[in-house]
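>>> coords please:
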Amino acid sequence: MSDWLNKSDLAGLKSGTMIRAHGSVLRELHALLKEKDPSYGGLVRVQNKRREFLWVHPQFKDEY
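The predicted structure is shown next:
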């Protein structure tokens, strides 16, 4: 897997700055997360009323 965000990319970002990932960058991020934590931190996937998928703590899955 390539480094999708390198040190030169970080030069203009302040700590806590959000970046928007899409396309190949988003796919790389998903692959990295799955490799590092296949359980997604114990979260479960649910779908809200707007049919969007969310990851929530198992304790709250019945609210969706």
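
>>> going forward, measure contacts and count neighbours with C-alpha atoms only.
Noted.

>>> got the phi/psi numbers for Ile19?
As for Ile19, its main-chain torsions (degrees, to the nearest 10) stand at phi -120, psi 150.

>>> mind listing the strands for this structure?
Assigned by DSSP state E, the strands in the chain fall at 44-47, 53-56.

>>> need these in JSON lines with mean pLDDT and mean neighbour count, can you?
Listed next are those as JSON lines, based on pLDDT from 0 to 100; neighbours: other C-alpha atoms under 10 Å:
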{"stretch": "strand 44-47", "mean pLDDT": "94", "mean neighbour count": "14"}
{"stretch": "strand 53-56", "mean pLDDT": "92", "mean neighbour count": "14"}
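
>>> save these as CSV, and put in distance to Lys36 too.
Converted to CSV, the strands of the chain look like this (distance: least, C-alpha to C-alpha, whole Å):
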stretch, distance to Lys36
strand 44-47, 17
strand 53-56, 17
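
>>> where does the protein dip in pLDDT?
1-14 (pLDDT under 70).

>>> rewinding a little: out of the strands of the chain, the one nearest Arg20 is which?
For the strands of the chain, the distance to Arg20 is smallest for strand 53-56, at 17.2 Å, taking C-alpha to C-alpha.

>>> relative to that closest one, what are the paired strands and their orientations?
Neighbouring strands of strand 53-56 in its sheet, by DSSP bridges, are strand 44-47 (antiparallel).

>>> so how far is the strand it pairs with off the chain centroid?
14 Å (C-alpha atoms, centre = their mean, to the nearest Å).

>>> with stretch 15-27 instead?
Using C-alpha atoms, centre = their mean, the mean C-alpha position of stretch 15-27 is found 9 Å from that of the whole chain.

>>> if anything else comes up later, I'll come back, but that's it for now.
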